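[1] Structure of the sequence below:
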Amino acid sequence: MTDTAQLVLPDYGLGAAGLGNLYTAIPDEIAREALEAASRAGFHYIDTAPFYGHGLSEQRVGAFLSASDERPVLSTKVGRRLVPADGRPIPDNGFASPAPFIPEFDYSEAGIRMSFAGSRNRLGVANVDILLLHDIGRMTHADAHAAVLEQAFDEALPTMDAMKSEGLTRWIGLGVNEIEVCEEVLARVRLDVLLLAGRYTLLEHETSTPFLNACERAGVKIIIGGAFNSGLLVASGEEPLHYNYAEAPDWAVDKVRKLRDVCARYDVELPALALQFCQAHPAVAAVVPGARTASQVEQVRDWTRAKIDPDVWTALKDMALIAADAVVPS
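    Numbers count the residues shown, from 1 in each chain. Modelled structure (predicted):
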């Protein structure tokens, strides 16, 4: 496999699920402005997927790339084919006004290549920097997990490795929401990178820290998605509170309230704390917060650059709001 040192990611990139109308529909112009703002902010890495808006996110990223001289680091995913709806009802999958396709899981060799061919067409590129196998694991596939995992070992991952040898991508890995499947795969296959969403955050890191430590020792890079835990760490408290794509449990709401109290004492915004915490671990190559408008991108930029009193981390550890052995910014 390619030496992972040959690809350097910026500390922060743009998670492009929102550009696929996640939860809220936006016009193409707003998506373009968000991508332009990300470029100005130095977020020269975009993570997208066929699933995001059923191809809409990739289309919008592709339109931006075709009109720009910039070629940011680019990652997309395989594991679902987009089948034309042809009049059938289109599942929204959390996306408002998705493109008229039905995503279907397909981890076969043919399915992986077909998925990537569609991505290349929508993105308007010959290759991508990072190719991730999307949403394997028990959280997604429940009782079918074992069968899906074996097909990943037998077909999907060898196909992705072959595509890497063919120059279609530089890194291969997983894009998932759970650590357990990462451990299962790494026990049998060497990967370059893992995009882990929502499992290593200011709110939830006690069980994932040992895993990130092991990845650092093994030379496996980590990309952090979901740093705000479904928006809970950026919520004002006035809107419905979500955690892991569901109603936030009482323990999480209470912990966020305590985190906000500490932030008020040290005059720092909680989202800034959340982003900079994720970036501090040495295994983490990039953090990719989602944003769908230019103003949101600019707000994220400000959070990534905010000056944080080092004493805040000591206070959080003293109050057991983060783990005593948590890696924090120096």
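
[2] quick one, strands of this protein?
    For the chain, applying DSSP state E gives strands covering 14-15, 45-47, 73-78, 80-84, 101-105, 130-134, 171-176, 193-197, 221-225, 242-243, 246-247, 284-287.

[3] in its sheet, what does the second one sit against?
    So the one you mean is strand 45-47. With DSSP bridges as the test, strand 45-47 is paired with strand 14-15 (parallel), strand 73-78 (parallel).

[4] got a list of contacts for the first one?
    For strand 14-15, contacts defined as Cβ atoms under 8 Å, 6 or more residues apart in numbering pick out 34-35, 38, 43, 45-47, 225, 288-291, 297. Using the backbone N, CA and C atoms, a C-beta is placed for each residue, glycine as well.

[5] picking that back up, let's have the strands of the chain in TSV, adding distance to A67 and mean pLDDT.
    Below are those laid out as TSV (distance: least, Cβ to Cβ, whole Å; pLDDT from 0 to 100):
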stretch	distance to A67	mean pLDDT
strand 14-15	16	98
strand 45-47	14	99
strand 73-78	15	99
strand 80-84	24	98
strand 101-105	24	98
strand 130-134	23	99
strand 171-176	26	99
strand 193-197	26	98
strand 221-225	26	98
strand 242-243	34	80
strand 246-247	38	82
strand 284-287	24	98
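
[6] export the strands paired with strand 45-47 to CSV and tack on distance to T207 and mean neighbour count?
    Written out in CSV, the entries for the strands paired with strand 45-47 read as follows (distance: least, Cβ to Cβ, whole Å; neighbours: other Cβ atoms under 10 Å):
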stretch, distance to T207, mean neighbour count
strand 14-15, 23, 29
strand 73-78, 25, 27
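
[7] between those strands, which gets nearest to D302?
    Ranking the strands paired with strand 45-47 by their distance to D302 (criterion: Cβ to Cβ) puts strand 14-15 first, at 14.9 Å.

[8] how many other residues sit next to Q299?
    Burial of Q299 is recorded as 17 neighbouring residues (other Cβ atoms under 10 Å).

[9] I figured P103 was touching Y52, is that so?
    No - under the criterion of Cβ atoms under 8 Å, P103 makes no contact with Y52, lying 9.9 Å away.

[10] Which one's more surrounded, those two?
    For P103 versus Y52, neighbours defined as other Cβ under 10 Å are more numerous around Y52 (30 against 24).

[11] Contacts for stretch 109-128 next, please.
    Contacts with stretch 109-128, where a contact means Cβ under 8 Å, 6+ apart, come from 48, 50, 55, 58-59, 61-62, 65-66, 74-76, 78-82, 106, 131, 155-156, 158-160, 163, 167-170.

[12] Could you list the buried residues of stretch 113-126?
    Residues of stretch 113-126 classed as buried by neighbour count (16 or more other Cβ atoms under 10 Å): 113, 115-116, 118-120, 122-123, 125.

[13] next one: stretch 200-212
    Residues of stretch 200-212 classed as buried under the neighbour-count rule (16+ other Cβ under 10 Å) are 200-205, 208-209, 211-212.

[14] again, but for stretch 164-183
    Of the residues in stretch 164-183, those buried under the neighbour-count criterion (16+ other Cβ under 10 Å) are 164, 168-179, 181-182.

[15] End to end on it, go ahead and measure it.
    Stretch 164-183 has an end-to-end distance of 22 Å (criterion: Cα to Cα, to the nearest Å).

[16] same thing with stretch 119-128?
    Between the opening and closing residues of stretch 119-128 we find a distance of 10 Å, counting by Cα to Cα.

[17] what pLDDT, on average, does that stretch get?
    Along stretch 119-128, the predicted confidence averages to a pLDDT of 98.

[18] next one: it to chain centre, how far?
    Between the mean C-alpha location of stretch 119-128 and the chain-wide mean there is a distance of 19 Å, by Cα atoms, centre = their mean, to the nearest Å.

[19] which residues does the residue most central in space within the chain contact?
    Among the residues of the chain, the smallest C-alpha distance to the mean C-alpha position (Cα atoms, centre = their mean) belongs to G225, namely 3.3 Å. Residues in contact with G225 (Cβ under 8 Å, 6+ apart) are 15, 47, 175, 195-198, 288, 290.

[20] can the strands of the chain go into JSON lines with extra columns for distance to V8?
    Output for those, formatted as JSON lines (distance: least, Cβ to Cβ, whole Å):
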{"stretch": "strand 14-15", "distance to V8": "17"}
{"stretch": "strand 45-47", "distance to V8": "10"}
{"stretch": "strand 73-78", "distance to V8": "8"}
{"stretch": "strand 80-84", "distance to V8": "29"}
{"stretch": "strand 101-105", "distance to V8": "32"}
{"stretch": "strand 130-134", "distance to V8": "12"}
{"stretch": "strand 171-176", "distance to V8": "11"}
{"stretch": "strand 193-197", "distance to V8": "12"}
{"stretch": "strand 221-225", "distance to V8": "10"}
{"stretch": "strand 242-243", "distance to V8": "33"}
{"stretch": "strand 246-247", "distance to V8": "36"}
{"stretch": "strand 284-287", "distance to V8": "8"}
